[in-house]
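> sequence-free structure coming up:
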Ligand SMILES: Cc1ncc(COP(=O)(O)O)c(C=O)c1O
């Protein structure tokens, strides 16, 4: 039967019907009051989500990587030193991006699955100062949420700009652009906000603008000054033809996200994460990565002895149309991942866990069918009764 796939992967995440309808409605012309209103609404919401009062929010037609590339080319110059703490696939990508622009990249290296220790970053910076520290909040390859507040603190103390990839975390875990002293933070439409892929957003602090004015790396399509000039028109615009439909969908996605407010949305992510993790443990499987209580975006799971992790993600997809993510890099074949940020309901999670139980049993893994579903139901019921996770304490 040709049903839509059940996506439980770390982005793109499934989009709700309201978003589909909005992006399927007539195009708003990109020069004029309709698009101006759209841009004002979207950037206004993003200011709130980033918890950034005075920062500029630039909207770019691109996936998240374009926003990350813009961060490098707009504040740095050839030969500048940058520090990248490495703890997984996406922090390694930061390194490659910086290297490809001729920056001098210094690293602090961890085994995949570890949390970056701010003390290590502080000593590396004390040894040799750098112009910028490039951080990844949600290391999507391992599920680990890195301690951005503390890392930003030590970077600032050492006089470095703080540039954060929050592509797979903005909207799913706490983020405080102003409160934590962040200079540049890059997010994407297709992750926790559950809009379609195609828009990157970049928050830029006054310090970052200052660095921009003297930076000399080449840039054209992603030149922040051009974006800012068009954003400051009486009816804000994009310099180039934007992904108008995606933007219409993003506006609807933000509307939904804000229906209950940011705190409530974060709490929902915490509860869903706990339900997935308790469900997986109830199957007798082992979770991967440090700081599990804070890792609300992705759960990485070790495959049981004798079963290749890729076989699990292949089989659950062919048998049930359920998309999980395989392990990356050194975790390939050893780990598979469930993405659970975005607009998920309790039942989305429960059917995913049910599919996983049946898949594992078909692969010969001994388990009690229904155990994972029962454990997840328990978390949701406790949360509904007000005895589950409450508040969103614990910054990153
Ligand atoms: C942490 C992180 N950074 C960057 C990216 C790349 O984003 P995109 O594929 O939107 O360019 C991803 C995508 O999964 C990600 O998880």
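Great, that's in hand. Note that the structure is a prediction, hence the values are computed from the model and not measured.
> doesn't residue 10 make contact with residue 140?
Yes - Residue 140 is in contact with residue 10 according to C-beta atoms under 8 Å; the separation is 4.9 Å. Where C-beta positions appear, they are placed from N, C-alpha and C, glycine not excepted.
> is the ligand contacted by whichever strand or helix holds residue 162?
With elements taken from DSSP states H and E, the one containing residue 162 is strand 161-165. Yes - remark: strand 161-165 sits within contact range of the ligand at residue 165, by C-beta under 6 Å from any ligand atom.
> Say whether the ligand is contacted by whichever helix or strand comes after that strand.
Per DSSP H and E, the first helix or strand lying C-terminal to strand 161-165 is strand 184-188. Yes - Strand 184-188 is in contact with the ligand by C-beta under 6 Å from any ligand atom, via residue 188.
> neighbouring contacts of strand 184-188?
Residues from elsewhere that reach strand 184-188 (C-beta atoms under 8 Å, 6 or more residues apart in numbering): 11, 46, 50, 52, 63-64, 67-68, 70-71, 75, 161-168, 170-171, 175, 177, 197, 199-205, 208.
> Now do that strand and strand 161-165, the angle between them.
Counting by axes from the mean of the first three to the mean of the last three C-alpha atoms, to 10 degrees, strand 184-188 points 10 degrees away from the direction of strand 161-165.
> Sheet-wise, list the partners of strand 184-188 with their directions.
strand 161-165 (parallel), strand 199-204 (antiparallel) (DSSP bridges).
> chain center to the shortest one, what's the gap?
In this view, strand 161-165 has its centroid 14 Å away from the chain centroid, taken as C-alpha atoms, centre = their mean, to the nearest Å.
> one step back: give me the residues contacting the strand holding residue 162.
The contact list for strand 161-165, computed with C-beta under 8 Å, 6+ apart, reads 64, 68, 71-72, 75, 90, 94, 131-137, 148, 151-152, 155-156, 180-186, 207-208, 211.
> again with stretch 9-22
So stretch 9-22 is contacted by 7, 140, 167-168, 188, 190-192, 194-197, 248-253, 255-256, 297-298, 323-325, 337, 339, 341-344, 348 (C-beta under 8 Å, 6+ apart).
> could you redo the last one with a cut-off of 7 Å?
Contacts to stretch 9-22, defined as C-beta atoms under 7 Å, 6 or more residues apart in numbering, come from residues 7, 140, 168, 190-191, 194-197, 248-249, 251-253, 256, 297-298, 323-325, 337, 339, 341-343.
> And the ligand, is that stretch touching that?
Yes - with C-beta under 6 Å from any ligand atom as the criterion, the ligand is reached by stretch 9-22 at 10-11.
> Identify each buried residue in that stretch, please.
For stretch 9-22, the neighbour count (16 or more other C-beta atoms under 10 Å) marks 9-16, 19, 22 as buried.
> any idea which residue sits dead centre in this structure?
Centroid check for the chain by C-alpha atoms, centre = their mean gives residue 168 as the closest residue, at 0.9 Å.
> residue contacts, that one?
10-11, 138, 140, 191, 297.
> can you check residue 201 too?
Taking C-beta under 7 Å, 6+ apart, we find residue 201 in contact with 46, 57-59, 67, 187.
> What separation do you get for it and residue 53?
16 Å (C-beta to C-beta, to the nearest Å).
> Now intersect the contacts of stretch 9-22 with the strands, please.
Judged by DSSP state E, strands contain the following of these: 7, 298, 323, 325, 337, 339.
> Present those as CSV; the columns should include distance to residue 102, pLDDT and neighbour count.
Shown next, in CSV, are the ones in strands among the contacts of stretch 9-22 (distance: C-beta to C-beta, whole Å; pLDDT from 0 to 100; neighbours: other C-beta atoms under 10 Å):
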residue, distance to residue 102, pLDDT, neighbour count
7, 38, 96, 21
298, 32, 98, 29
323, 38, 98, 16
325, 32, 98, 20
337, 33, 98, 27
339, 34, 98, 27
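> so which of the residues you listed comes closest to residue 98?
Set against residue 98, the nearest of the ones in strands among the contacts of stretch 9-22 by C-beta to C-beta is residue 298 (24.0 Å).
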